[in-house]
Structures are given as structure tokens and as C-alpha cells.
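Asks: The sequence and its predicted three-dimensional model are supplied below.
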Amino acid sequence: MPFKSLEIIEPILQSLQEEGYSKPTPIQAQAIPIVLDGTDLLGCAQTGTGKTAAFAIPILQLLSNSQGFDRRRKIRSLILTPTRELAIQIGESFKSYGRYTKLSYTVIFGGVNQYSQTQVLQRGVDILVATPGRLLDLMNQGFISLKDIEIFVLDEADCMLDMGFIHDVKKVLGALPHKRQSLFFSATMPPEIIKLADTILKNPKKVTITPGQPTVDIIEQFIYFVDKGNKSALLMDILSDQNIKSALVFTRTKHGADKVVKDLLRHNIKAEAIHGNKAQNARQRALNNFKDQTTRVLVATDIAARGIDVDEMEFVINYELPNISETYVHRIGRTGRAGAKGTAFSFCDAEEKAYLKDIEKLIRKRIPVIDNHPYPLIDHNPVKAPKQQQRPQRSTFSRPKQEVTPERRRLIRNPRTY
């Protein structure tokens, strides 16, 4: 089914054609008609399925159809998203799909000077993409009013809750007009997400993509069992394959990401880290270097990786398995995006076997194991702390055992006689 069958207007169709998009993904095919109809939407789909286009395309069309060219621009659509990288990526999508419309957009986020952002806002924009903290800050300063919002999008809602933005989201909701169209997207739907959606949406239609198979089928997944101390050596061995032009490597901690980068640089592999302790300019520079392949390896933590959208990125490496199984789906979804080829390698040490078990339970499949590598797991059964406190061991010192003679036996039986 081509995009044209969704009754997309010609300016947007031309942009999609130039971007190389001919057919919508499943979530786009189902969500776009619902949004164009003006109905609230609850969308659940794994990462990499094209959620951004599923709301960006119909928003551009709806606002274009009702655009007034002689009036001062007011913010008519707000897309609220949890991270700076994701906000930038969404902004780039609006730029690509809306290049032949006369709509304007801007992206605001924290970690940088606000001057350039407020200058654009004062000139007026139709579409605003924002992270919660900077949005509320500029609202309090009087640079932003949400009273003219027609379409509101809450994107990556599960990540929004994980990062502790629930109170900020509620403040934003309180500033929105009662009459509006609301779109709610999340990769997972735990009870707290459903509860939040109920406070935002009115009689929504629901779109759920591949609920029984959380991972993208086209992604090839493999497990390496390896001791923790040999993970760095195994990573270097994998990257010795020159067919791996670039790779996104995941760690659980910021410190771990920095350590992996140091190891890679020591082996003359160009690498950079992206995580919350990095300044926004440094994070964006690292991402740009990775996109143009100046940097071969980008090492990221989970939160920072939301919004990394690199065309034809084939390889993801889980240097450390995530302790939350859903995070695995988000990680490997950075590759194999929109039907492209993808490969995910995961390192599993003895202490991470429980994480692997949870992941395989979630994705409902066994991940193939690569055994023929130079650093096989030796410590298969690490010693774990006992659940209950054990009795203290008796002292190793003991008196020499004495022979029980007839005289000693009489002494024991009747000591008073001696």
C-alpha cells in the first residue's frame, strides 16, 4: 500500500518520495488515517517501527489545511519528548517531511543557552518539539503560551516516566486547552502508562503493533558467553572485522561507557561516549561524528540513546546486558529500523544470566549462542551471597583428642570419688 492511498497531500508526498519512502510501515498505515480524522490515538509500538512519521505526517497535513497565512504564527502543535537527542531527531523529521509546506517548527531543550531558542519563539512557530524541563522554564519566563495548541503529542511515554518527568508532564497538561486532539505513544504499556493515558485521551482509538513479538524479526541476534574481565578483549576481536564500519555499543552506566571508550582508543579505534554527564554540545557532536562515520564506535547509556536514529546502522553491541528486559528491545531497535538489515551482539557474563533469561522470556525466543570465540565463559556459576545468614563456623582450633582409659571413665562417671 503506497502513501498516496492514505490521502496524503502532494507537498508531503513529494518530500516522502525524496526521502526514499514509498510504503508506510504498519503503525503509519494504521495511525495516519486516525490522526487525519481528528481522533485521539493511543499507539503502542516497539522502537524502530516509524512512530515519528506516524504522527509528524498527519500533523503537517492537518495544520497545512487550516493554515492562515496573514496571521501571526502561534504554537498550534506541541510534541513533548523525554530527551534532547530524541527532540532533535523529531525536529529533523518535521523538517524533512514538511519542506514543501509553509509551516515552521523549532526544537527546544535544556543544557544549552536559551537565547537562540527564544529568538525563534518570538518570531512565531507552528510546531514546537520540546523536552519537559526547558518547556516549563520558558513558559514561566513568558516566552511560550500553550493556549492555541490544537494537537498535542506525548512521545516515548514509558521513558518519560522512567526519567521522573511525570510531575512536569502534569504541569504541561494543565496549561493545554481543554479542546484539542491528543496522541499518546509508548513502546510499552504497563499499568502506570495506561493510567496516564486515561488522563490525556478522550475516546481514543488504539493501535498496537506486533504485541506478541516485541523485537523486530529482521534483526539477527547473537549471544556471547564471556567472563566480565574478557569483555573488552572480545569487543576488540569483534571490531577487528573491517566489515563492521560502525557500531553502537551499550553499557549500563556512564562510568562504564567512558571506560569502554578508553579501551577502544587505546586500540586505535575511534570512539566517543554519549551519556547524561556529557554537555549537550558534546553529545550532539559525538552523534554527528557517528552519523558521518568520522567516529566508528559510539558508546551510549540507555537514556542517552533514545532518539539515536542513524540510517543503515547495522550493528548494535550490548557490552553489558540491561537489567530491565524491555530495555533490550529498545537497544537493538536502534538497528534494523523501518525494515533495514540489523545485527545485535550481546555479551553475557555469569552474573548476567538471569537478565538473559528475562530477555528471552520477553521476546519469546532463544537467542543463538556463538561458542567459537577466543574468550569463552569460564566462571559459569559465580558464588552468590546466601539468602539467610549462616551459622558462624566453629573455631578451627581444638584440643587433641584424649584416649578414654578405664580410670578416666570412672572419673567422668563419679568425679567426687577423686
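Replies: Right, received. Where do you want to start?
Asks: and residue 53, how many residues sit next to it?
Replies: For residue 53, the neighbour count with other Cβ atoms under 10 Å is 23. All C-beta spots, glycine's among them, are computed from the backbone N, C-alpha and C.
Asks: quick one: contacts for the closest residue to it other than its chain neighbours?
Replies: In this structure, residue 53 finds its nearest non-sequential neighbour in residue 28, 5.5 Å apart by Cβ to Cβ, 6 or more residues apart in numbering. Contacts for residue 28 (Cβ atoms under 8 Å, 6 or more residues apart in numbering) come out as 50, 53, 54, 57.
Asks: got a list of what residue 148 touches?
Replies: By Cβ under 8 Å, 6+ apart, residue 148 lies in contact with 74, 75, 76, 177.
Asks: re earlier: quickly find the element holding the residue nearest to residue 53.
Replies: Using DSSP states H and E, residue 28 maps to helix 26-36.
Asks: Buried residues of that helix, list them for me.
Replies: By neighbour count with 16 or more other Cβ atoms under 10 Å, helix 26-36 contains the buried residues 27, 28, 29, 30, 31, 32, 34, 35, 36.
Asks: nearest residue to the last one other than its sequence neighbours?
Replies: I take that to be residue 36. Using Cβ to Cβ, 6+ apart and skipping the chain neighbours, the partner closest in space to residue 36 is residue 58 (4.8 Å).
Asks: Give me the helix or strand of the protein that scores worst on average pLDDT.
Replies: helix 406-413 (a mean of 53; mean pLDDT, DSSP states H and E).
Asks: tell me which element residue 158 falls in.
Replies: helix 157-162.
Asks: what's around the closest residue to residue 107 other than its chain neighbours, how many residues?
Replies: Leaving aside its sequence neighbours, residue 107 sits nearest to residue 91 (Cβ to Cβ, 6+ apart; 3.8 Å). Neighbours of residue 91 under the rule other Cβ under 10 Å: 22.
Asks: Doesn't residue 91 belong to a helix?
Replies: Yes: assigned with DSSP: H, G, I helix; E, B strand; the rest coil, residue 91 falls within a helix.
Asks: OK, contacts around it?
Replies: By Cβ under 8 Å, 6+ apart, the contact list for residue 91 reads 105, 106, 107, 129.
Asks: can we see that at 10 Å?
Replies: 56, 79, 81, 105, 106, 107, 108, 109, 127, 128, 129, 130 (Cβ atoms under 10 Å, 6 or more residues apart in numbering).
Asks: Now find how far off-centre stretch 279-293 is within its chain.
Replies: Here the centre of stretch 279-293 is set off from its chain's centre by 17 Å, with Cα atoms, centre = their mean, to the nearest Å.
Asks: buried ones in that stretch?
Replies: Neighbour counts using 16+ other Cβ under 10 Å place 283, 284, 285, 286, 287, 290, 291 of stretch 279-293 among the buried residues.
Asks: And for stretch 177-189?
Replies: Buried residues in stretch 177-189, counted by 16+ other Cβ under 10 Å: 180, 181, 182, 183, 184, 185, 186, 187, 188, 189.
Asks: what ranges of the stretch 201-350 of the chain fall below the confidence cut-off?
Replies: Counting by pLDDT under 70, the stretch 201-350 of the chain has low-confidence residues at 210-217, 303-309, 311-312, 337-340.
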